[in-house]
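Asker: Below are the sequence and a predicted model; questions follow.
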Amino acid sequence: MSAILVLTLFVSVIFIIKDNGRNDAYITVRSCGEVVWTGSLTGIQGETVLTVIPSSGGGKPMVIEGIDTSYEHYNVISITPDGVRVTESDCKNRICIHQGLMTSGDLPIACLPNKLLITVSSDEGNTADAYTY
């Protein structure tokens, strides 16, 4: 009986250690179809805040470090080792903000009015399948 308990404990510790050594996750931020920022979640120390401004008047989209809401259209993104989220936006419904923290590539964060798309990918690939949706 005690051998089974020890074996169960050993297997549990192996799974815990394996989950803590998660594979690297990469964030890609696209604005107006262009990649404007990429980074690794494991490379983030603390919090990185970015303001994404879509192209206007034929210009290219921009990314500004920090919060800058002086533009007509913008999204503020917060990136931590835990994941990525949109914290502020000038869009009408703010669905991008309500999507919350994204930690995997199962679903992207999208702000259609501001033409923003944020995806997370990893070495393991996505865990979503036909039943997820």
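Answerer: Sure, I can see it.
Asker: residue ranges with poor pLDDT in the chain?
Answerer: Applying pLDDT under 70 to the chain flags the ranges 1-23, 123-133.
Asker: Helices of that one, residue ranges please.
Answerer: 2-20, 95-98 (DSSP state H).
Asker: Mind giving me the packing neighbours of the last one?
Answerer: The reference is to helix 95-98. strand 83-89, strand 109-111 (3 or more C-beta pairs under 8 Å, 6 or more residues apart in numbering; DSSP states H and E). The C-beta positions use only the backbone N, C-alpha and C, and glycine is treated the same way.
Asker: In contact with the residue nearest to the spatial centre of the chain, which residues?
Answerer: The residue lying closest to the centre of the chain (C-alpha atoms, centre = their mean) is residue 84, at 3.4 Å. Applying C-beta atoms under 8 Å, 6 or more residues apart in numbering, we find residue 84 in contact with 27, 41, 77-78, 101-102, 109, 118, 120.
Asker: One more pass at 10 Å, please.
Answerer: 25, 27-29, 39, 41, 44, 48, 50, 77-78, 101-103, 109, 118-120 (C-beta atoms under 10 Å, 6 or more residues apart in numbering).
Asker: wait, which of the helices and strands packed on helix 95-98 is closest to residue 33?
Answerer: Closest to residue 33 of these, according to C-beta to C-beta: strand 109-111, at 12.4 Å.
Asker: Need the contact partners of that closest one.
Answerer: Counting by C-beta under 10 Å, 6+ apart, residues outside strand 109-111 touching it are 27, 29-31, 52, 54, 73-75, 77, 83-86, 89-91, 93-97, 99-102, 116-120.
Asker: Nearest to residue 66 among the helices and strands packed on helix 95-98 would be which one?
Answerer: That would be, of those and by C-beta to C-beta, strand 83-89, which comes in at 11.9 Å.
Asker: Cool, thanks, signing off.
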